[in-house]
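1. Based on what follows, work out the 3D shape:
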Amino acid sequence: MFEQILKTISRKEWLLVGAISVILMAVTIFPVLFAYRMAPAGTHYDGLNIIGEGDYSVYFSYINQVKAGRILMLDYFTSEPQSGGILNIFWLGVGLWAKIFNLSAPIAFHFSRMVVIPVFCAIFYIFSSYIFSDKKLRQWSLIFAGLASGLGGYFALLVKGGLMQGFNWLDFVSPIDLWVTEANVFFSMYLNPHFVMSIALMILFFLLLLLAWENNNYKYSLLAGLTGLIWFNFHPYYAPYVLAITAVYLIYLLARYKKLNPLFHFLIYFIISSVSIAYHFWLIITDYVIGTRAEQNITIMPPWIYVLLGFGFLLLFSILGIYFLAQKFKRLPDKFIFLLIWLVVGFNLLYVPLSFNRRFLEGLEIPMVFLSVLAWVGMIKFFKSHWGLFGRILANKFTVSILFAILFCFSTFFILARDIHFIARQRSTFYLSNEYLQAINWLEKNNAGQAILANQANGHYLPGLINQPVFYGHGHETADFIAKRKMADDFYGNKYNQAQAWEFLTSHNIGYILYSYWEKGTMAINLYDQPYLEKVFINNQIAIYKVSREAGSASGLPRPGFGQDEQSGRK
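-> This is a model prediction of the structure:
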């Protein structure tokens, strides 16, 4: 039972969990504080890290919308009119916290990262206490989960432009521990709170369901269902992942015990948690923007070699851990059978023909951690008892710590060093100039919800800074992204005649055009000469043009908005 697991955890162990949580919080917040400290004169740090620079704006947009009073969150990376929105429990909670304490979106984002780290550590340690009775194995499990990574850092040192590894992820030529945030617990802690919370809920879900099966207690299957209900609300990708793993384990239980009780527990969790899946499915088929966004949200797996490198010694030691289990038990306990099923099914899911199969990397590190710890602690004991003085030297705490850092932590060090390197060089994407902030603050106060046309790079960031929609920006979030990028390129490239340009702007509800150094390099059209545009803001870096319906009509152009019904009504 859950209470019995808690009773096995001593006060000293909880102090260790607290200490490791504090260390992880300090390590992962340091680059953020360093970036804030390194802001050049006349700029402000925008809260970003190297990886996922575009994704941060999505989360910042959610936080700002909740601060502005919304419960259902809109997609501000697209220009289509939206009447509904989506309920995201996690980001709603972060946004409400930001609203209550009047926090900016970046501060609320990173503060929530700090909050979920000890939550993860506590849930993980409880689960490890269910898996292991040996306190040393539990403690090593938490250390492995918090710090271990693969061989990506070593790979980066051996290739040209090593510090840039992780930027060329679209070519799928980097180990996953350098760029796939959810594949690595430390990476998730460093970059994104909702990934950490997702892994924590995954572990809690599996623990509750295992307790339900083990004790035939329906309270735990009910709690597992409620955990899945919350988890799938903000991370629905993992419903098929959980279904596959638990279904295989269910088959094992039915075959071994010849009882139907495990099936009833399975059905209870499935029915309760499926409410969130039904909600997302309903949104996809009834809301054009959400449905299109789901179609475009493609996260494909890289080749196997980069998966193997990304897990590195964790995978190798997992195999050794299976060997240690086989030596220790004539028949494996159910909990270790579950870990093996989790690992095997998880690996098989990585290349199933789904557009989001890369998501299934999340949590796959967890069974590898437990199996690796078995091998790791077993090897230390073997050195002590069989290799004499040399073995005792190898098993010394200092030597073990060095070996652990070399074998398991280099990519962890690398991703921190990579960000610190670019922060020290004052990378431009980390900082917003005062002039830029002045311009977007003007837009936020003066735009009544019409779309803003800007270069894709600007379109990536604007929705996270102000509660205003853009014509296009984030590749996954913008409905019909490829078509919209082509239309924007044609407009900037002056490939439209005046009537076509006017139709493009008005039929997509574009109210303002942003002109900065991002747009200057790609723009052939002279905005100043267009009769339907009015310059309404200018400073040393930014100009803002308003699409003037009155001026356009006075110039003999067609009535504005004539194509809007067709645009918003497509299915």
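2. where does this structure have low pLDDT?
-> Applying pLDDT under 70 to the chain flags residues 161-172, 551-571.
3. Run the chain-centre distance for the helix or strand that contains Glu503.
-> Assigned by DSSP states H and E, Glu503 belongs to helix 498-507. A distance of 37 Å separates the C-alpha centroid of helix 498-507 from that of its chain, computed with C-alpha atoms, centre = their mean, to the nearest Å.
4. Check which element follows it along the chain.
-> Using DSSP H and E, the helix or strand that follows helix 498-507 towards the C-terminus is strand 510-515.
5. next helix or strand past that following strand?
-> Toward the C-terminal end, the helix or strand that comes next after strand 510-515 (DSSP H and E) is helix 517-520.
6. helices and strands around that next one, which ones?
-> Using 3 or more C-beta pairs under 8 Å, 6 or more residues apart in numbering; DSSP states H and E as the contact criterion, the secondary-structure elements in contact with helix 517-520 are helix 456-465. Placement of C-beta: from N, CA and C, glycine included.
7. quick one, the helix it packs on and strand 510-515 angle?
-> Inter-element angle recorded for helix 456-465 and strand 510-515: 120 degrees (by axes from the mean of the first three to the mean of the last three C-alpha atoms, to 10 degrees).
8. Could you check the angle the helix or strand just after helix 456-465 makes with helix 498-507?
-> Following helix 456-465 in sequence order, the next helix or strand is helix 481-492 (DSSP H and E). With the same axes, to 10 degrees defining the directions, helix 481-492 sits at 140 degrees from helix 498-507.
9. Can you list phi and psi of the spatially closest residue to Ile245 that is not a sequence neighbour for me?
-> Of all residues not flanking Ile245 in the chain, Val345 sits nearest, at 4.9 Å (C-beta to C-beta, 6 or more residues apart in numbering). Dihedral angles phi and psi of Val345 (degrees, to the nearest 10) take the values phi -70, psi -40.
10. Helices of the stretch 51-200 of the chain, start to end?
-> With DSSP state H, counting those that start in this stretch applied, the stretch 51-200 of the chain shows helices at 53-67, 89-100, 105-131, 135-147, 152-158, 185-191, 193-215, listed in chain order.
11. any residues touching the fifth one, and which ones?
-> With contacts defined as C-beta atoms under 8 Å, 6 or more residues apart in numbering, helix 152-158 is touched by 162-163, 165, 174-178, 309-310, 312, 410-415.
12. make it 6 Å
-> Helix 152-158 has contacts (C-beta atoms under 6 Å, 6 or more residues apart in numbering) with Gly162, Gln165, Pro175, Asp177, Leu178, Leu309, Gly310, Phe410, Ser411, Phe414.
13. In the residues you listed, which residue is surrounded by the most others?
-> Among the contacts of helix 152-158, the one with the most neighbours (other C-beta atoms under 10 Å) is Asp177, at 33 neighbours.
14. That one against Ser149, yeah?
-> Yes - if you go by C-beta atoms under 6 Å, Asp177 and Ser149 touch, sitting 4.6 Å apart.
15. Find the residues that touch each one of the two.
-> When C-beta under 6 Å, 6+ apart defines a contact, the residues bordering Asp177 and Ser149 alike are Asn184, Ser411.
16. In the contacts of helix 152-158, find the pair that's most separated.
-> When those are compared pair by pair using C-beta to C-beta, the two farthest from each other are Gly162 and Gly310, 15.7 Å apart.
17. so how far is Leu343 from Leu374?
-> Here the criterion is C-beta to C-beta, to the nearest Å. By it, Leu374 lies 13 Å from Leu343.
18. and if you look at Ile285?
-> Ile285 sits 35 Å away from Leu343, taking C-beta to C-beta as the criterion.
19. again with Gly391
-> Distance of Gly391 to Leu343, computed by C-beta to C-beta: 30 Å.
20. What of Ile51?
-> Relative to Leu343, and taking C-beta to C-beta, Ile51 is found at 26 Å.
21. again, but for Thr399
-> Between Thr399 and Leu343 the distance, using C-beta to C-beta, works out to 29 Å.
22. cool, and Thr522?
-> In this view, Thr522 and Leu343 are 47 Å apart by C-beta to C-beta.
23. Please say which of those two ends up with more neighbours.
-> When Thr522 is set against Leu343 and neighbours are counted by other C-beta under 10 Å, the residue ahead is Leu343, at 22 against 13.
24. Which phi and psi values does that one adopt?
-> Leu343 adopts backbone torsions of phi -70, psi -50, taken as degrees, to the nearest 10.
25. Could you find the closest non-adjacent residue to it?
-> Spatially, and ignoring its direct neighbours in sequence, Leu343 is nearest to Pro367 (4.3 Å; C-beta to C-beta, 6+ apart).
26. Check Ala488 too.
-> Take Ala488 and drop its neighbours on the chain: the residue closest to it by C-beta to C-beta, 6+ apart is Tyr472, 6.0 Å away.
27. try Ile89
-> Nearest residue to Ile89, sequence neighbours excluded (C-beta to C-beta, 6+ apart): Asn233, at 4.8 Å.
28. do you know how far the one you found is from Trp91?
-> Applying C-beta to C-beta, one obtains 10 Å for the distance of Asn233 from Trp91.
29. Perfect, that will be all.
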